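**Q** Please find the sequence and the predicted model below.
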Amino acid sequence: MKISLIDIGSNLTHDSFARDRDAVMARAIEAGVRYQVITGADMGSSSQAAALAAAHPALLSSTAGVHPHHAQSFDASRREELSELLRRPQVVAVGECGLDYYRNFSPPDAQRAAFIAQLELAAAARKPVFLHQRDAHADFTAILKDFRGRLTGGVAHCFTGSRSELEDCLALDLYIGVTGWVNDERRGQLLRESVPHIPADRLLVETDSPYLLPRDLLPHPRSRRNEPCYLPHIALAIARLRGETFESVAESTTRNATLFFGLGPD
Ligand SMILES: [Zn+2]
């Protein structure tokens, strides 16, 4: 059986891929990662991601949104630009958006305002949301609760939380995106305990490239840059924790991603 995975979080517009993006995409396909959803994190990367996806419609879609780090810059004109991007067919989700109180690069009130504004846009555009949350679980779930039923769907991207945080996300109908954080036995301990409890129909996999290089890759790459081609390594770690085969994780996560983002038949 030919494996086939979808990387739902790849920052392929990142500077570190500028020199060899085509080779990175070819290595992903070679490794069985047949489709990627390119993350937009601000207006610049969101429009670059949309252009890249438009150039490779059989391989890529993209998200468009403003990360909580950049929330302070989210004004009326950016909002207009974003709603314009959301009309494009290759832009399949709003985000990443959410709350990050760990770094607070933007003040929390600006973060909440930008988050709510993007949830409104997602509801209006009938597109799901790609969610980022760090150290802000209570406010994050409270805001999402207000939108429950209005959103087409949501994924807690790079979920790293505990069992009870997982239950809160599931109760909000969220999908759960798991990265190579799961390959880190120390830092990923809470996540590793949560992974077996994610329902098979809510699980999604992502690399968050070029960030979060899996710690246990052998041989360990010389570069610290993560790439979509390492997604099978992450899926294998997830399969082991869940007591499932790699093939069954590949099959369910690919089906989930296709449904969630409306990627259409292949
Ligand atoms: Zn993120």
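**A** Okay, I see it. Numbering: from 1, shown residues only.
**Q** From here on, just use CA atoms for contacts and neighbour counts.
**A** OK.
**Q** could you measure Gly9 against Thr179, distance?
**A** Distance, Gly9 to Thr179, by Cα to Cα, to the nearest Å: 9 Å.
**Q** who touches both of these two?
**A** Val205, Glu206, Thr207, Asp208 (Cα atoms under 8 Å, 6 or more residues apart in numbering).
**Q** Scan those and report the most crowded one.
**A** Across those, neighbour numbers were computed from other Cα atoms under 10 Å; Thr207 holds the maximum, 32 neighbours.
**Q** Skipping adjacent residues, who's closest to that one in space?
**A** Closest residue in space to Thr207, ignoring its immediate chain neighbours: Thr179 at 5.2 Å, by Cα to Cα, 6 or more residues apart in numbering.
**Q** from the shared contacts of Gly9 and Thr179, which is closest to Ser73?
**A** Comparing the shared contacts of Gly9 and Thr179 against Ser73 with Cα to Cα places Asp208 closest, at 23.0 Å.
**Q** In contact with the closest one, which residues are there?
**A** Residues counted as contacts of Asp208 (Cα under 8 Å, 6+ apart) are Gly9, Ser10, Asn11, Cys158, Thr179, Asn226.
**Q** which residues touch the longest helix anywhere in the chain?
**A** Ranked by residue count and defined by DSSP state H, the top helix of the chain is helix 108-125. Contact partners of helix 108-125, identified using Cα under 8 Å, 6+ apart, comprise 65-66, 68-69, 71-72, 74, 79, 83, 86-87, 93-95, 97-101, 128-129, 143, 147, 150-152.
**Q** Quick check: closest non-adjacent residue to Gln189.
**A** Closest to Gln189 by Cα to Cα, 6+ apart is Val182, at 7.7 Å.
**Q** Contact partners for the one you found?
**A** Val182 neighbours (Cα under 8 Å, 6+ apart): Gly188, Gln189, Leu191, Arg192, Ile234, Ala237, Ile238.
**Q** isn't the first one right up against Thr160?
**A** Which is Gly188. Yes - the criterion here is Cα atoms under 8 Å, and Gly188 meets it with Thr160 at 7.0 Å.
**Q** Can you check the distance spanned by stretch 215-225, start to finish?
**A** Per Cα to Cα, stretch 215-225 runs 12 Å from first to last residue.
**Q** about what we covered before: narrow the contacts of Val182 to those that are buried.
**A** Neighbour-count burial (16 or more other Cα atoms under 10 Å) applied to these gives Gly188, Gln189, Leu191, Arg192, Ile234, Ala237, Ile238.
**Q** With secondary structure as added columns, please give those residues in CSV.
**A** CSV is the format used below for the buried ones among the contacts of Val182 (DSSP: H, G, I helix; E, B strand; the rest coil):
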residue, secondary structure
Gly188, coil
Gln189, helix
Leu191, helix
Arg192, helix
Ile234, helix
Ala237, helix
Ile238, helix
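**Q** Pick the one among the residues you listed closest to Ile29.
**A** Ile234 (15.6 Å).
**Q** Contacts only, for the closest residue to the closest one other than its chain neighbours.
**A** Nearest non-adjacent residue to Ile234, counting by Cα to Cα, 6+ apart: Gly180, 5.4 Å away. By Cα under 8 Å, 6+ apart, the residues touching Gly180 are Glu206, Thr207, Leu212, Leu213, Pro214, Arg215, Ile234.
**Q** which stretches of the chain form helices?
**A** With helices called from DSSP H, the chain shows them at 21-30, 43-55, 76-85, 108-125, 137-147, 163-171, 189-194, 231-242, 246-261.
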